[in-house]
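> What would the 3D arrangement of this be:
(chains A, B, C and D)
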Number of protein chains: 2
Amino acid sequence: MHAPDGSRLAALAALLADPTRAGVCLALLDGRAWTAGELARHTGVGASTISAHLTRLTEGGLLAQERQGRHRYVRLADAGAARLVETLASQAAPAADPPRTLRTSRANEALARARTCYDHLAGRLGCALTDAMTRRGLLRQDTGFALTEDGLAWFGDHSIPLERTRSRPLARPCLDWTERRTHLAGTAGAALCAHALNARWLTRIGSGRALRITDRGAQALGEALGLDADTLR
Amino acid sequence: MHAPDGSRLAALAALLADPTRAGVCLALLDGRAWTAGELARHTGVGASTISAHLTRLTEGGLLAQERQGRHRYVRLADAGAARLVETLASQAAPAADPPRTLRTSRANEALARARTCYDHLAGRLGCALTDAMTRRGLLRQDTGFALTEDGLAWFGDHSIPLERTRSRPLARPCLDWTERRTHLAGTAGAALCAHALNARWLTRIGSGRALRITDRGAQALGEALGLDADTLR
DNA sequence: CGGACGCTTCGTCCGCGAACGCACCGTCCA
DNA sequence: TGGACGGTGCGTTCGCGGACGAAGCGTCCG
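Modelled structure (predicted):
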C-alpha cells in the first residue's frame, strides 16, 4: 500500500473539473436517479454530449447506472461519492451574486428553505432540525458530532430504525451551502429524511430536490422536537 | 444566496485535476510550508512550470504563500483546503500496486507507520492512538465521532490545551489512506499532534512527513493510553 | 406495423492549458 | 563586486478533450 500519487487524485478531480459534469453531480446530490435526457436538458447540452459524460463519470466510479427500457438512469454511486461532491461544493461556494430572474429567485428560495442533500435533509429546515436536536440534548456538537443516548432513544421512540454499520458513521456533519452551517448527515440523517418523506411530514416540490412541509409534518415536528415549523413553511 | 453552480465547482476541481498540482497538494498535506524549488524537484517539473502552478493554486484559494528573501514558501491555505485534498485522496486511493524499488518501499513503510496528515497524526500510529482512546472511553465512534467527558479531562490532565472554536469541530474523523480506517482529526487531533512533537514524543524523520517514536514517547504513550508503542517503532 | 422517442457511436472542429527553454530580476554570499 | 541561486515572465509547441450533428439502434405506443 502506498500513498496515493498525484495522477490518481488528478484523474478523479478531472471528472469534476468540467462544468457540465459538475452540474450533473450537483443535480444528482438530491439523491435520486435521473435519466440522461433530464440531465442533458438540465445542463443545456446535447444528447450525445451528456451520454459521453455519463459514461466517463460511471467508469470513474462516481456514478452508478441502471437501464430500464430505453432509459438510462444514473445516480451517485455511493455515500463516498456524495461526500466528495458535497465537500467540493461547500468549498467552492463563496459566490453570492444575486439571482437574476424572479423565476430562479423563487426556485432558490424554495431550495434554501428545505431540500434533500443526497439522502438527508438540508436548507434552513435541515439546520433547524439539527439545532433543535442539539438544543434538546439529542445531538452533541461541542465535543465533535455524535448522537447522545437520549438521541438514540428518540429515534427508537419514533420507530425510526437506525442501521448500525461499520463503514458509515451514524452521525456526521454536512456543511450546508446556503446556511453555511452544519446539518445532520450519516445513517441517522438518512433515516430521519426517509422517515419524514414516508410519513408525509415532507413532500417533494415537483421533481426537484426542494421540499415542502405538510400540515401533518409541522405538527409532528412541533411535538417531537419543539420546532416551530410554521416559520419554515 | 444560491446553490453553487457547476462552473464554480468545476473551477475548483480543475485546480486539482492536474497531476503536478495534485502532487503539490498531496505533498503539502504534511502541514508544513515548502519552497517552490522543493516542490519542483518533488514533482519532477521545471521551475517556471511549478511557479505558474503555485500561482494558480494560490489564486484559487487552496494555497497560502509567504515570501522570505528569494524563497517562496507555500502551504495549504486552511483546514478547509486540507479537508478537500484529504477527501479527494481517500476517495481516489484504491490503487495498490506494490512499490518498485527498495528505496521507495522503505519510505512508504515509514509513512505507513507514522506520519502527519496536515496538522494531526496518521498512519498505523494515528489509528492506534485513536483506537486506544476509543477503547478507554475517551472517544466515541459508535454514535458519531466525539470526545467524551473523560476525553476532555484527559486532555486537561496532560496539559494539552483545547481551543474551542465555532468554525472548526473539536473532533472529526479523517480517513487514513494506508489503513483505510479513520483517525482523529479536528482541533483535538491537531493539539495532540502539536503536543507530541513539542514534548518530543515524536520526531520528524528527515524533512518529510514521516515520524519516529522516541523512547520518551513510547513510555509516555504507554502510560497515558496503555498503548504498546514498541510495536510501532 | 410504423413512427416517435431515448440513447449511442462516429467523425470533425476547435480552444484550452501544460510543459519547456530562455532571458530576466532580485537575493545572498564569498 | 562578481557569481551562484531561487524564482518569474514570455513565446512556442502540442496533445487532450468537450461540443456538435448525422446516422444508427433498440424500445415503447398508437
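
> what about A:Arg166, neighbour count?
8 (other C-beta atoms under 10 Å in any protein chain shown). C-betas here are computed from N, CA, C, even on glycine.

> buried stuff in stretch A:126-137?
Counting neighbours by 16 or more other C-beta atoms under 10 Å in any protein chain shown, one finds that the buried residues in stretch A:126-137 are A:126-134, A:136.

> After the host helix or strand of A:Leu129, heading C-terminal, what element do we hit next?
Element membership for A:Leu129 (DSSP states H and E) is helix A:123-135. Downstream of helix A:123-135, the first helix or strand assigned by DSSP H and E is strand A:139-140.

> Touching that next one from outside, list them.
If you take C-beta atoms under 8 Å, 6 or more residues apart in numbering or on different chains as the criterion, strand A:139-140 is touched by A:130, A:133-134, A:145-148, A:151, A:171, A:184, B:144, B:146.

> and after it, which helix or strand comes next?
Past strand A:139-140, the next helix or strand by DSSP H and E is strand A:144-147.

> what angle separates the least confident helix or strand in chain A by mean pLDDT from helix A:123-135?
Between all helices and strands in chain A, the lowest mean by mean pLDDT, DSSP states H and E belongs to helix A:102-113, at a mean of 78. With axes from the mean of the first three to the mean of the last three C-alpha atoms, to 10 degrees as the basis, helix A:102-113 and helix A:123-135 are set at 10 degrees to each other.

> what helices or strands is the following helix or strand past helix A:102-113 leaning on?
Where DSSP H and E defines the elements, the next helix or strand beyond helix A:102-113 is strand A:115-117. Secondary-structure packing of strand A:115-117 (3 or more C-beta pairs under 8 Å, 6 or more residues apart in numbering or on different chains; DSSP states H and E): strand A:120-122, helix A:123-135.

> and those as TSV, adding distance to DNA strand D and mean pLDDT?
Compiled in TSV, these are given as follows (distance: least, C-beta to the nearest atom of the strand, whole Å; pLDDT from 0 to 100):
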stretch	distance to DNA strand D	mean pLDDT
strand A:120-122	27	94
helix A:123-135	29	95
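
> can you put the ones you listed in a markdown table and add distance to chain B?
Output for the helices and strands packed on strand A:115-117, formatted as a markdown table (distance: least, C-beta to the nearest C-beta, whole Å):
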| stretch | distance to chain B |
| --- | --- |
| strand A:120-122 | 10 |
| helix A:123-135 | 10 |
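
> can I get those in a markdown table with distance to B:Leu29?
Shown next, in a markdown table, are the helices and strands packed on strand A:115-117 (distance: least, C-beta to C-beta, whole Å):
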| stretch | distance to B:Leu29 |
| --- | --- |
| strand A:120-122 | 28 |
| helix A:123-135 | 30 |
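
> Identify whichever of those lies nearest to B:Ala22.
Closest approach to B:Ala22 among the helices and strands packed on strand A:115-117 is made by strand A:120-122 (29.1 Å; C-beta to C-beta).

> Relative to the closest one, what are the paired strands and their orientations?
Using DSSP bridges, strand A:120-122 pairs in its sheet with strand A:115-117 (antiparallel).

> so for the strand it pairs with, what's the average pLDDT?
Strand A:115-117 shows a mean pLDDT of 91 in the predicted model.

> Now tell me what touches that strand from outside.
A:29-31, A:86, A:121-123, A:126, A:174, A:176, A:183, A:185, A:193, A:209-211.

> So which of those residues is the closest to DNA strand C?
A:Asp30 (16.9 Å; C-beta to the nearest atom of the strand).

> DNA strand D versus the closest one, what's the distance?
21 Å (C-beta to the nearest atom of the strand, to the nearest Å).

> just A:Trp201 next, same as before
32 Å.

> how about the nearest residue to A:Gly208, chain neighbours excluded?
Using C-beta to C-beta, 6 or more residues apart in numbering or on different chains and skipping residues adjacent in sequence, the residue nearest A:Gly208 is A:Asp30, 6.9 Å away.

> whoops, A:Thr58 was the one
A:Gln65 (5.3 Å).

> strand partners of the helix or strand hosting that neighbour, parallel vs antiparallel please.
Using DSSP H and E, A:Gln65 maps to strand A:63-68. For strand A:63-68, the paired strands and their directions (DSSP bridges) are strand A:71-76 (antiparallel).

> about what we covered before: only C-alpha atoms, please: export the least confident helix or strand of chain A in PDB.
C-alpha atoms of helix A:102-113 as PDB (Å, rounded to 0.1, in the frame of the first residue of the first chain):
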ATOM      1  CA  LEU A 102     -37.800  36.100 -10.400                       C
ATOM      2  CA  ARG A 103     -38.200  32.500 -11.500                       C
ATOM      3  CA  THR A 104     -34.800  31.400 -10.400                       C
ATOM      4  CA  SER A 105     -35.100  33.500  -7.300                       C
ATOM      5  CA  ARG A 106     -38.300  31.600  -6.400                       C
ATOM      6  CA  ALA A 107     -36.600  28.300  -7.000                       C
ATOM      7  CA  ASN A 108     -33.600  29.300  -5.000                       C
ATOM      8  CA  GLU A 109     -35.700  30.400  -2.100                       C
ATOM      9  CA  ALA A 110     -37.500  27.100  -2.100                       C
ATOM     10  CA  LEU A 111     -34.200  25.300  -2.100                       C
ATOM     11  CA  ALA A 112     -32.800  27.400   0.700                       C
ATOM     12  CA  ARG A 113     -35.900  26.700   2.700                       C
END
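
> got the residues of chain A near DNA strand D?
A:14, A:17-20, A:45-49, A:52-53, A:56, A:68-70 (C-beta under 7 Å from any atom of the strand).
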